[in-house]
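# I'd like to go over a predicted model; first the sequence, then the structure.
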Amino acid sequence: GAVVSQHPSRVICKSGTSVKIECRSLDFQATTMFWYRQFPKQSLMLMATSNEGSKATYEQGVEKDKFLINHASLTLSTLTVTSAHPEDSSFYICSARAGTGGQPQHFGDGTRLSIL
Amino acid sequence: GENVEQHPSTLSVQEGDSAVIKCTYSDSASNYFPWYKQELGKRPQLIIDIRSNVGEKKDQRIAVTLNKTAKHFSLHITETQPEDSAVYFCAASNDYKLSFGAGTTVTVRA
């Protein structure tokens, strides 16, 4: 149980392109979904938290107009990197949680984004 | 906000020996402490977690201890095997979001 699917797994595109990443909870309803960014050999950096039907809460320093998050249902959240540039290249991982903060977060497989 | 410190950053152990990773947290309101294992290029996988009303939890070769007074918690892996080689992250949660430690790269030597 507690499977989270994330697509695509790998994206290579030109600078200026917008890229959408999907995160789905397959066998549970995700009250909250989280989006992280991870640089090589570093920890997970929380970008934003989203609750179904609400606007996402962004962490300090994360541009909300650059990283658009939509959480339209209890099983789907999307992250759109708008007008991506090489500095946006990274490993993006989503996680989903049922219930409150005392419940585990389950992670997707991540998306490796490379902007040329 | 919450600050989680994790030590050591790298750990090399002989197969069959034990591995211990230690974390400290700053927010006394944190009440949930999961540990994740991440292999290269893959998703973090929850391996064990503990809540603030429990001092110790064990699952086969893995155990976690929590000292709320001192605000530290530890991961213990016994009888290590080559497949235990990975990066391990501790985290602390205050009912809102997880704050992760910097990670420990564990290498089990055959």
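Cool, got the structure. Residues are numbered from 1 along each chain as shown, chains lettered A, B, ... in the order given.
# so which residues on chain A come close to chain B?
A:34, A:42-44, A:46, A:49, A:93, A:100-110, A:112 (Cβ under 8 Å from any Cβ of the partner chain). C-beta here means a position set from N, CA and C on the backbone, and glycine is covered the same way.
# show the buried residues in the residues you listed.
Among those, those classed as buried by 16 or more other Cβ atoms under 10 Å in any protein chain shown are A:34, A:43-44, A:46, A:49, A:93, A:101, A:103-110, A:112.
# ok, those vs residue B:3, which is closest?
residue A:43 (12.2 Å; Cβ to Cβ).
# and that closest one, what is it in contact with?
By Cβ atoms under 8 Å, 6 or more residues apart in numbering or on different chains, the residues touching residue A:43 are B:89, B:100, B:101, B:102, B:103.
# show me what contacts the first one?
Contact criterion Cβ under 8 Å, 6+ apart gives A:43, A:44, B:6, B:35, B:36, B:38, B:44, B:100, B:101, B:103, B:104 as the residues in contact with residue B:89.
# and residue B:68, how close does it get to residue B:92?
Plainly put, residue B:68 is 11 Å away from residue B:92 if you go by Cβ to Cβ, to the nearest Å.
# which of these two has more neighbours?
The neighbour count for residue B:68 versus residue B:92, taken as other Cβ atoms under 10 Å in any protein chain shown, is higher for residue B:92 (26 against 16).
# not counting sequence-adjacent ones, nearest residue to residue A:33?
residue A:77 (4.0 Å; Cβ to Cβ, 6 or more residues apart in numbering or on different chains).
# helix, strand or coil: sort out the one you found for me.
Secondary structure, DSSP: H, G, I helix; E, B strand; the rest coil: residue A:77 is strand.
# that one is in contact with residue A:53, isn't it?
No: between residue A:77 and residue A:53 there is no contact under Cβ atoms under 8 Å: 11.3 Å.
# where exactly do the strands run in the chain?
With no chain named, the answer covers chain A. Assigned by DSSP state E, chain A shows strands spanning A:4-7, A:10-13, A:19-25, A:32-38, A:44-51, A:57-58, A:67-73, A:76-81, A:90-97, A:106-107, A:111-115.
# the intended chain is chain B.
B:4-7, B:10-14, B:19-25, B:32-38, B:44-51, B:56-59, B:62-67, B:72-77, B:86-93, B:98-100, B:104-109.
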